[in-house]
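Novice: mind folding the following:
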Amino acid sequence: MTKDTEKKSMGWLKGVLSNQNQPEQASLEEHPSSEVTEKQQPNNHEEPEQTDTPENKHLFSKDNQDKIASDLIVSLENMLKDRELILYKNNGLKDQLHTANETINRYKHDEVKKDQLIQDKNKEIRELEGNLTNKQMSYDQLLEDYKEYQSTSNSEYEKISNDLETESNKYNKLNEESTNAQYQSMLKIKELEEKVRNLEIENKKYNEQYEKITDEKAELMQTINDFTERMSFSFSPKTTAANTSPESADSSD
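Specialist: Prediction:
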């Protein structure tokens, strides 16, 4: 009975060990460095030397072999379970490490993209700064030209203002002289018109006097002619006297 139990236990132990050795070998192939590290670790647990003492003989007796085997199997099962748990945790940590590495790689890729974007933006900023500098230079040049134009315009305005004031003074003076000349001309015209009226009146008076004198002369001539005719009838009617009388009358005229 004891031998069958031991055989069954040993068979089960070999099966468990063979099943556990397969993932262990796979894990060792994936991580040989960890296996080397584990191999390099010193074995602090040294097995005690077995001596042929009465106690050891009593320990490996047929009565105690079943209990030792069962305890060993239980301990081995616990160790295997702990090993499975450690391997499970190790696989979980590997998955987490893989995920973390992927995340880190993604972050690095994003960082590269961001660095490229920052470089592009810096290039755009430098271009904008260059354009801004050119615009500022153009603005400064325009401002300087405007100041120069303003100064020139002010000078020309002052000159034109002075010329306009001078011309205005000249115009006012000429206007005053023209007004005085017009006034003097008006006075002269009035004076001449007055003289003309006076001369017209005098001329009219002289005409009347001339007409009067002419009328008087005509009356006088008529009187003389009448007197001459009467006197001619009173003298002898001689031809010579008749011819001389008109000649004398003409000479008197």
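Novice: which residues in the stretch 101-250 of the chain form helices?
Specialist: Under the criterion DSSP state H, counting those that start in this stretch, the stretch 101-250 of the chain carries helices at the ranges 239-252.
Novice: where in it is pLDDT low?
Specialist: Counting by pLDDT under 70, the stretch 101-250 of the chain has low-confidence residues at 235-250.
Novice: please enumerate the strands of it.
Specialist: Across the stretch 101-250 of the chain, reading from the start of the chain, there are no strands by DSSP state E, counting those that start in this stretch.
Novice: okay, now residue 191: neighbour count?
Specialist: For residue 191, the count of nearby residues is 10 (other Cβ atoms under 10 Å). Glycine gets a C-beta too; all of them are placed from N, C-alpha and C.
Novice: distance check, it against residue 197.
Specialist: The gap separating residue 191 from residue 197 is 11 Å, by Cβ to Cβ, to the nearest Å.
Novice: over to residue 139?
Specialist: Using Cβ to Cβ, we find residue 139 at a distance of 82 Å from residue 197.
Novice: equivalent analysis for residue 102, please.
Specialist: From residue 102 across to residue 197, the span is 132 Å (Cβ to Cβ).
Novice: how about stretch 209-220 as CSV, C-alpha atoms only?
Specialist: Extracted C-alpha coordinates of stretch 209-220, given in CSV (Å, rounded to 0.1, in the frame of the first residue of the first chain):
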residue,chain,number,x,y,z
GLN,A,209,-26.4,187.8,-77.8
TYR,A,210,-25.1,186.9,-81.3
GLU,A,211,-28.6,186.4,-82.5
LYS,A,212,-29.6,189.6,-80.9
ILE,A,213,-26.7,191.5,-82.5
THR,A,214,-27.4,189.8,-85.8
ASP,A,215,-31.0,190.9,-85.6
GLU,A,216,-30.0,194.4,-84.6
LYS,A,217,-27.4,194.5,-87.5
ALA,A,218,-30.1,193.2,-89.9
GLU,A,219,-32.5,195.9,-88.6
LEU,A,220,-29.7,198.5,-88.9
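Novice: which residues touch that stretch?
Specialist: The set of residues external to stretch 209-220 that reach it, using Cβ atoms under 8 Å, 6 or more residues apart in numbering, is empty.
Novice: flag every buried residue along that stretch.
Specialist: Across stretch 209-220, burial judged by 16 or more other Cβ atoms under 10 Å covers no residue at all.
Novice: just stretch 189-208 next, same as before
Specialist: For stretch 189-208, a neighbour-count test (16+ other Cβ under 10 Å) marks nothing as buried.
Novice: please save the CA atoms from it in PDB.
Specialist: Taking Å, rounded to 0.1, in the frame of the first residue of the first chain, the C-alpha atoms of stretch 189-208 are listed here in PDB:
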ATOM      1  CA  ILE A 189     -15.900 164.700 -63.600                       C
ATOM      2  CA  LYS A 190     -18.400 166.600 -61.500                       C
ATOM      3  CA  GLU A 191     -16.200 169.700 -61.800                       C
ATOM      4  CA  LEU A 192     -15.900 169.300 -65.600                       C
ATOM      5  CA  GLU A 193     -19.600 168.600 -65.900                       C
ATOM      6  CA  GLU A 194     -20.200 171.800 -63.900                       C
ATOM      7  CA  LYS A 195     -17.800 173.700 -66.200                       C
ATOM      8  CA  VAL A 196     -19.500 172.200 -69.200                       C
ATOM      9  CA  ARG A 197     -22.900 173.200 -67.900                       C
ATOM     10  CA  ASN A 198     -21.600 176.700 -67.200                       C
ATOM     11  CA  LEU A 199     -20.000 176.900 -70.600                       C
ATOM     12  CA  GLU A 200     -23.200 175.700 -72.200                       C
ATOM     13  CA  ILE A 201     -25.000 178.400 -70.300                       C
ATOM     14  CA  GLU A 202     -22.500 181.000 -71.400                       C
ATOM     15  CA  ASN A 203     -22.500 179.700 -75.000                       C
ATOM     16  CA  LYS A 204     -26.300 179.900 -75.000                       C
ATOM     17  CA  LYS A 205     -26.000 183.400 -73.600                       C
ATOM     18  CA  TYR A 206     -23.400 184.200 -76.300                       C
ATOM     19  CA  ASN A 207     -25.700 182.700 -79.000                       C
ATOM     20  CA  GLU A 208     -28.600 184.700 -77.800                       C
END
